[in-house]
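Asker: here is the input, now give the coordinates:
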Amino acid sequence: MATVTTAGNLGYEARILGLVSGGHFLSHFYYLALPPLFPLMKAELGVNYTELGLLLTCYGITSSTMQTPAGLLVDRLGARRVLIAGLFINALCVTLAGLTPSYWAMAGLFLLAGVGNAVFHPADYAILSASVAETRIGRAFSLHSFGGNMGFVAAPVVMLFLSAHFGWRTALTVVGGTGLALTVMLLLYGGMLRDEGAKQARKKKDVSLKEQLKFLKSRPMVLFFIFFALSSASGGGLQSFSVSALVDIYGMPLETANMALTAYLVLTAGSVLVGGWLADHTKRQDLILVNAFCGTAIGTLLIAALTLPYWVIIALMGSIGLVRGALNPARDVLVRQAAPPGSVGTAFAFVSTGFMFGQGLTPVLFGWLLDMGDAKFVFYSSAAFAVLAVLTVFFSKERTL
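Answerer: Below you'll find the predicted structure:
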């Protein structure tokens, strides 16, 4: 692991967290910028939910496949430059998506946007690992996750507001422009970001790519990859299509369905802070993962299997978010512990590939379920993926990822 020469300097760590988490906020915001607009886009573009889901899949495919290359760039060239370039590409493509009249051009833009989105996890975690004291790393990871989750929380509210007042195209252009403004801020103030990747590049000149990637074949890293894929598949169904599913299943008003999703996202964001404290004060992070996903499976099954009042559904969605958020810091600490010195960016890129793989492929599945009239299976499928994620924990001989 990278040593931290600024350990104990809380002011410095707070500034680093602010800059890095701002980009992470937008990364998550952009992924959920489209789903609240789906009913409006469906009518204007003349497409179905499967085709709309394909836009998210385009974003997820390139985000997934470019994660490990982005991690290698972070560890060889430095995290700061890679982070700034990725944010610029991501924000520019979202801006242009609001201007293009063509569905297929929009699909191409989201393919390219995913390339920019691929940099955030490897760059962010490399910067935090090099900048934050060891005793606070779990809480730093939790605040970073909190920033990303707040992007999820803000997206439905902001996009519904902007689209209602200015149209869905203007909404996309405005939020894309916000990312371009943050890119300028990082260019002006990003000099404070510790850049261990640039230093490691000099040490790795004579190390072959095959040797550098050898640790990714280890049992912990393979299990992490599978776990991240299943975890994101479970959450992706709720984030992207729970609103449409609740409208179809219960005849729920769109505003009420979005309220249920917002409850899920808000409590996910809040509980991640508690998860950071737990990650710094426990040696059994695997138990946090198991309990969280068991709770997720139970909650989603209840929503699908029973006929419930609206307020109960909102409460259940919030409870699912509560348990899911608590696992993220423990999961991230375990990944950091499994990464060899100087390879934090590559490690997080690899497992994030699994995360984006699950997140990128499942929108088409869930969109197809809605088109087939099986809206309840959005929740059944989410529960099934959560159960499979738990099983990956027990496939480890030591009962730990």
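Asker: next one: phi and psi at the nearest residue to A292 once chain neighbours are set aside?
Answerer: Leaving aside its chain neighbours, A292 sits nearest to L327 (4.1 Å; criterion: Cβ to Cβ, 6 or more residues apart in numbering). For the C-beta atoms, the positions are set from N, CA and C on the backbone; glycine is no exception. The phi/psi pair for L327 (degrees, to the nearest 10) reads phi -90, psi -20.
Asker: list the contacts for L327?
Answerer: G275, I288, L289, A292, F293 (Cβ atoms under 8 Å, 6 or more residues apart in numbering).
Asker: helices or strands up against the helix or strand hosting the third one?
Answerer: Pointing back at L289 there. Using DSSP states H and E, L289 maps to helix 285-305. Helix 285-305 is packed against helix 219-250, helix 254-280, helix 310-325, helix 328-338, helix 376-394, with contacts defined by 3 or more Cβ pairs under 8 Å, 6 or more residues apart in numbering; DSSP states H and E.
Asker: helices along the stretch 51-200 of the chain, start to end?
Answerer: 67-77, 79-97, 103-117, 120-131, 137-166, 168-189, 196-203 (DSSP state H, counting those that start in this stretch).
Asker: nearest to L17, out of these?
Answerer: Among these, the nearest to L17 by Cβ to Cβ is helix 137-166 (5.4 Å).
Asker: L193 and I127 touch, don't they?
Answerer: Yes: here L193 reaches I127: they are 5.3 Å apart, a contact under Cβ atoms under 8 Å.
Asker: quick one on the thing from earlier: report pLDDT for the residue nearest to A292.
Answerer: At L327, the predicted lDDT confidence score is 77.
Asker: tell me if I'm right that N291 and A330 touch.
Answerer: No: contact between N291 and A330 fails when scored by Cβ under 8 Å: they sit 10.6 Å apart.
Asker: the more surrounded of these two?
Answerer: A330 (25 against 14; other Cβ atoms under 10 Å).
Asker: for the more buried one, which residues are in contact?
Answerer: By Cβ under 8 Å, 6+ apart, the contact set of A330 is G138, G275, L278, A279, T282, Q285, I288, L289.
Asker: can you tell me which of those residues is nearest M372?
Answerer: For the contacts of A330, the nearest to M372 is L289 (32.1 Å; Cβ to Cβ).
Asker: distance of that closest one from L334?
Answerer: L289 is 9 Å from L334, where distance means Cβ to Cβ, to the nearest Å.
Asker: what of A85?
Answerer: Separation of A85 from L334 (Cβ to Cβ) stands at 29 Å.
Asker: repeat for Y30
Answerer: Distance, Y30 to L334, using Cβ to Cβ: 27 Å.
Asker: between these two, tell me which one has more neighbours.
Answerer: Legend: neighbour count by other Cβ under 10 Å for Y30 and L334, higher for Y30 (26 against 22).
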